[in-house]
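>>> can't give you the sequence, but here's the structure:
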């Protein structure tokens with residue numbers, strides 16, 4: 001094998017190269033074969049009414065095309081030649097692109113699948129490639145038929161690699177399906193989160209607009225709608241000390257309200273008893289729990305709505321306590 005000659009071919013300048021089939025044959029293909037010690041080349045070999053560009057001892061046939069030709073369009077022509085001449089190797093090339101076939105490959109039926117090497121002219125500077133080509137193309141291996149063993153080894157190598165590639169594709173397809181399932185799960189989680197966000201935004205809007213059911217119940221129960229409508233922060237204190245009866249009444253009312261608040265079971269106490277809620281941050285009231293579980297309160301008591309939901313959906317949970325009357 002003449003490595004120097006192959007390197008020269010690898011660096012061929014195609015800028016002013018005449019692209020004709022004949023020029024490709026004499027300037028590239030014949031020097032390529034000579035680099036592998038082939039001297040006796042049968043040019044324009046007659047093959048039952050057709051002419052094969054190069055025939056080497058009926059063991060290698062070469063079909064050469066012009067530089068700009070798409071070699072995919074000439075595969076069937078080469079297959080027909082191989083059916084007539086029965087070579088061991090067949091080369092199809094346009095001078096820039098090379099494809100080497102093993103026509104006698106029994107494991108494969110289609111000629112188009114019988115490729116054992118495919119490379120560009122510039123790749124001839126790759127020592128790994130030319131060492132492999134030497135095993136199947138160099139004339140010295142044709143005397144002892146060693147080249148046939150190398151071709152068979154290459155066929156086995158390709159079949160093994162094809163099997164590995166198929167397995168890898170199946171594996172990646174399975175991984176893609178798993179990722180798609182994960183994406184779908186994430187989309188569902190996002191949808192749930194968006195619904196919770198909408199509920200919380202609705203809650204904020206209602207509170208900010210003054211729609212507070214608890215205040216309305218207080219106003220109805222204690223007949224104090226005028227207090228509910230007052231601003232949260234008073235601009236100046238109201239002097240009620242001049243009327244002891246009024247002061248006593250308000251103090252009594254406050255004590256009753258405070259008594260109701262302190263005697264009511266704590267939402268936090270109940271939350272701490274529920275494993276699914278215990279570790280969730282931001283849960284401090286019955287309303288917080290309803291929002292977290294996406295339970296619509298709709299102006300009703302959050303405690304009452306939660307109690308109904310728990311009785312229907314989580315019978316194993318601690319019962320929601322009734323407010324102490």
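Perfect, I can see it now. Predicted model only: the values in this text are computed from it and were never measured.
>>> Now the element after the least confident helix or strand in the chain by mean pLDDT, going C-ward?
The weakest-scoring helix or strand in the chain, judged by mean pLDDT, DSSP states H and E, is helix 244-263 (a mean of 51). Sequence order places helix 267-271 as the next helix or strand after helix 244-263, per DSSP states H and E.
>>> Could you pull out the buried residues of the helix or strand that that next one is followed by?
Using DSSP H and E, the helix or strand that follows helix 267-271 in sequence is helix 275-278. Neighbour-count burial for helix 275-278, with 16 or more other C-beta atoms under 10 Å as criterion, is recorded at residue 277. Using the backbone N, CA and C atoms, a C-beta is placed for each residue, glycine as well.
>>> Now do stretch 156-168, average pLDDT.
Throughout stretch 156-168, pLDDT has a mean value of 92.
>>> And stretch 213-230, by the same measure?
Summarised as a single mean, pLDDT over stretch 213-230 is 74.
>>> And the helices in the protein, which stretches?
Shown for the chain, the helices assigned by DSSP state H span residues 3-10, 21-24, 30-34, 75-85, 127-137, 140-143, 146-208, 213-222, 225-228, 244-263, 267-271, 275-278, 286-292, 302-313.
>>> ok, so what distance separates residue 106 from residue 159?
Per C-beta to C-beta, to the nearest Å, residue 106 is found 11 Å from residue 159.
>>> One more: residue 223?
For residue 223, the distance to residue 159 - C-beta to C-beta - is 93 Å.
>>> quick one, which of the two is more surrounded?
More neighbours surround residue 159 than the other of residue 223 and residue 159, with 13 against 9 (other C-beta atoms under 10 Å).
>>> which ones are touching the residue nearest the centre of the chain?
Note on the chain: the residue nearest the mean C-alpha position is residue 176, at 5.8 Å, using C-alpha atoms, centre = their mean. Under the criterion of C-beta atoms under 8 Å, 6 or more residues apart in numbering, residue 176 has no neighbours.
>>> so what's it scoring on pLDDT?
Residue 176 is given a pLDDT of 93.
>>> One more: the one 3 residues further on?
Model confidence at residue 179, expressed as pLDDT, equals 92.
>>> Tell me how many other residues crowd it.
Residue 179 has 10 neighbours, counted by other C-beta under 10 Å.
>>> Might one say that residue 112 is in contact with residue 78?
No - using C-beta atoms under 8 Å, residue 112 makes no contact with residue 78, being 10.0 Å away.
>>> For the two, work out which one has more neighbours and name it.
Taking neighbours as other C-beta under 10 Å, residue 112 and residue 78 compare with residue 78 leading, 23 against 12.
>>> quick check: domain ranges of the chain?
Per the record, the chain has its domains at 3-143, 263-325, by automatic domain parsing.
>>> Comparing those, which comes out most buried?
For those, the largest average neighbour count (mean count of other C-beta atoms under 10 Å) is found in domain 3-143, namely a mean of 16.
>>> now it: mean pLDDT?
For domain 3-143, the mean per-residue pLDDT is 88.
>>> any idea how far that domain is from the chain center?
Counting by C-alpha atoms, centre = their mean, to the nearest Å, domain 3-143 is centred 40 Å from the centre of its parent chain.
>>> if I look at residue 156, how far off is residue 204?
Distance, residue 156 to residue 204, by C-beta to C-beta: 71 Å.
>>> How about residue 16?
Remark: distance between residue 16 and residue 204 (C-beta to C-beta) = 77 Å.
>>> Equivalent analysis for residue 59, please.
Counting by C-beta to C-beta, the gap between residue 59 and residue 204 amounts to 86 Å.
>>> Same question for residue 80.
Remark: distance between residue 80 and residue 204 (C-beta to C-beta) = 80 Å.
>>> same thing with residue 4?
81 Å.
>>> How about residue 28?
From residue 28 across to residue 204, the span is 78 Å (C-beta to C-beta).
>>> likewise residue 66?
Distance of residue 66 to residue 204, computed by C-beta to C-beta: 76 Å.
>>> How about residue 173?
With C-beta to C-beta as the criterion, residue 173 and residue 204 are 46 Å apart.
>>> Setting aside sequence neighbours, what's the nearest residue to residue 286?
Distances taken as C-beta to C-beta, 6 or more residues apart in numbering place residue 302 nearest to residue 286, at 3.9 Å, with adjacent residues excluded.
>>> mind checking how far that neighbour is from residue 292?
With C-beta to C-beta as the criterion, residue 302 and residue 292 are 11 Å apart.
>>> ok so, going back, quick one: closest of the domains of the chain to residue 195.
Of all the domains of the chain, domain 263-325 sits nearest to residue 195, with 6.3 Å by C-beta to C-beta.
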